[in-house]
Every structure is written in C-alpha cells, then in structure tokens.
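fold the following and give me the result.
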Amino acid sequence: MAHTRGKIAQWAGIDLVVLVLALFPVFWLLMLSLKSPATVSDGRLIPSSWSFENFKSIFQQDIFTRALVNSIGIALISTVIAVVLASMAAYAIARLDFPGKRLMLGAALALAIFPPIAIVGPLFNMWRNLGLYDTWPGLIIPYMTFTLPLAIYTLSAFFREIPWELEQAAQVDGATPFQAFRRVLLPMAVPILAVVFILAFISCIIEYPIASILLQTEDRLTLAVGSRQYLYEQHYMWGDFAAAAVLSGLPITAVFLLAQRWMVSGLTAGGLKG
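From the prediction side, this is the model:
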C-alpha cells in the first residue's frame, strides 16, 4: 500500500510540474497584457500597477475587431457544416454496406493527416480564377475539407458501437430511417459531436498558413493573420500583442466551457460497457 501511495504521489508531482510548465506562458502573457505601456519592459513578472490600457488600445484598432469577427464567423460556419456533413456520412459508413466503404474510410483518414499547406499553391491559383480569393467562402471550403475526414472517422467509430436494434425499434414504431437517425442516434451522439465540434473549431480558429495566403484585404484577415499584421504595424508593441493574444483565446475558452459537460462524456464514451 505504501509503495502504491508513493507511486501515486510521484505521478501527481510530475503532473503538477507539467501543469505549471504548461500554464506559465499563459500566466506570463496575461500579466504582460495587464502592464501599462511604460512598464512592459521592466522585467517584472507581476505588474507593479495594473492597467487595461493595452486592451483599450487594441479595441481602438479596427484591424483587431474585424479579425476577431472574421475568425469566429469563419470557424463557426466551417465547423457547423463539417459536423453536419460528417454526421450523415459517418452514419452511412457505419450502417450501410456499399462497395469501396473501407477505401473511403481509409482515404478520409489519410486526408486527415495530409498537410494542408501542401495544396495552398494550387488552391491560390484556383481561387483567383474562381473569384474565391480573399473571401470567407474561399477560406471556409478548405477549412471544412480538412476538418471533415477526422470528424467522419471519429463519428463512424462511435455510430458502429450503437446497437442496431435501437433504430429497428424506432422504425417498427413508424419512423423513417432519417427520423431514426435524427431522433434516436443524434441525441445519443451529442457528447462525441461536442468533442468533434470543439476540435474542429480550435483547428479552424488558430490556423495560420492557409489564411495568410488566401486572405489579403485587411477587412477579411483572421485573428492569426490579423494579430501578426497588427504587431507589425504597431512596431512590435508587446503589451498590445499580449492583450490581443489573451483575447484571441477567449472564443476557444468560451466554446470549451459551454460544451465541457458533453465533451467529458464524449471523451469517455466507450470506456465503460453496461
């Protein structure tokens, strides 16, 4: 028993160290954003006097507020479309037998690990010819494309674990296959849908390489690109940049907190049987 407690204490100590190391940069960034512009470079971790001047400064710049709206809008639209399409595709893969199903699932997984930056060059030329360059749809389509495969793969694995008898019982009661899917399977899949939604949303809102190439106009920049542009225009005013970084993390934090209950259930789905 003593040996077991010693092991638990050892692993708890390691976890605590890792947690501190992971959170320290976030804490440092928050403290930096709360310093006044005159004390940003004073070398102190904790501000000698608290100030919200950096936050006021970035909201006076149109580039940041527009970038914040663009990022949230593009990420939400891309994620919602991806999750809706992925849920229907995953249901078909899990429940139907058709030629090439395994090949399709393997291709989805291969596409999920394919580096998106590899196709930015051809996509840049194609989007300019189609009039999609420097537009929301021009960024939503590639975001949706690269979040779909992993969502399909994850949801299809979950749907395969749901007993087929549940849908058969619903169809005996007069439900169509689509009604059984919408009223029986989807409510059960809410936790895993929350996980997929959050992961897809995060990947979209923090993405930089594709957005930096497919967007040009200042009014359409996303947070990742807009923050870099703002930092350059302000001659690397680190207090403002720290405040922008803190605010950039708020949409992700808000989505995570709103879906936390379902996300925990989704991450543990399949861990227990009974």
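
where does the prediction get shaky in the protein?
For the chain, applying pLDDT under 70 flags the ranges 1-3, 230-236, 259-274.

quick one: stretch 199-208 to chain centroid distance?
4 Å (C-alpha atoms, centre = their mean, to the nearest Å).

Ala94 contacts Thr154, doesn't it?
No - assessed by C-beta atoms under 8 Å, Ala94 is found out of contact with Thr154, at 11.4 Å. (Each C-beta comes from the backbone N, C-alpha and C, glycine too.)

quick one: the residue nearest to the spatial centre of the chain and Val195, what's the gap?
Residue closest to the mean C-alpha point of the chain, counted by C-alpha atoms, centre = their mean, is Ile202 at 1.5 Å. Counting by C-beta to C-beta, to the nearest Å, the gap from Ile202 to Val195 is 11 Å.

what's the answer for Glu53, then?
The gap separating Glu53 from Val195 is 39 Å, by C-beta to C-beta.

could you check how far the residue lying closest to Phe114 once chain neighbours are set aside is from Gly73?
Leaving aside its sequence neighbours, Phe114 sits nearest to Phe146 (C-beta to C-beta, 6 or more residues apart in numbering; 8.0 Å). As judged by C-beta to C-beta, Phe146 and Gly73 stand 18 Å apart.

more crowded one of the two?
Per other C-beta atoms under 10 Å, whichever of Phe146 and Gly73 has more neighbours is Phe146, with 22 against 13.

in which helix or strand does the more buried one reside?
According to DSSP states H and E, Phe146 maps onto helix 136-161.

and for Arg44?
Judged by DSSP H and E, Arg44 forms part of no helix or strand.

ok, now Asp42?
Using DSSP H and E, no helix or strand contains Asp42.

isn't it up against Ser36?
No - here Asp42 lies out of contact with Ser36, judged by C-beta under 8 Å, at a distance of 9.7 Å.

for Pro177, which non-adjacent residue is closest in space?
Ranked by C-beta to C-beta, 6+ apart and with sequence neighbours excluded, the top spatial neighbour of Pro177 is Gln171, at 7.0 Å.

list the buried residues of the helix or strand the one you found falls within.
For Gln171, the element it lies in under DSSP H and E is helix 164-172. For helix 164-172, a neighbour-count test (16 or more other C-beta atoms under 10 Å) marks Glu167, Ala170 as buried.

next: stretch 197-216.
Of all the residues in stretch 197-216, those buried under the rule 16+ other C-beta under 10 Å are 197-207, 210-215.

could you do stretch 30-39 as well?
Residues Leu32, Ser33, Leu34, Lys35, Ser36 are the ones in stretch 30-39 that count as buried (16+ other C-beta under 10 Å).

quick revisit: not counting residues beside it along the chain, what's closest to the residue nearest to the centre of the chain?
Residue nearest to Ile202 in three dimensions, not counting chain neighbours: Ile252, with 5.6 Å by C-beta to C-beta, 6+ apart.

list the contacts of that neighbour.
With contacts taken as C-beta atoms under 8 Å, 6 or more residues apart in numbering, Ile252 has the following neighbours: Phe201, Ile202, Ile205, Ile206.

which SS class is the second one?
Under DSSP: H, G, I helix; E, B strand; the rest coil, the three-state class of Ile202 is helix.
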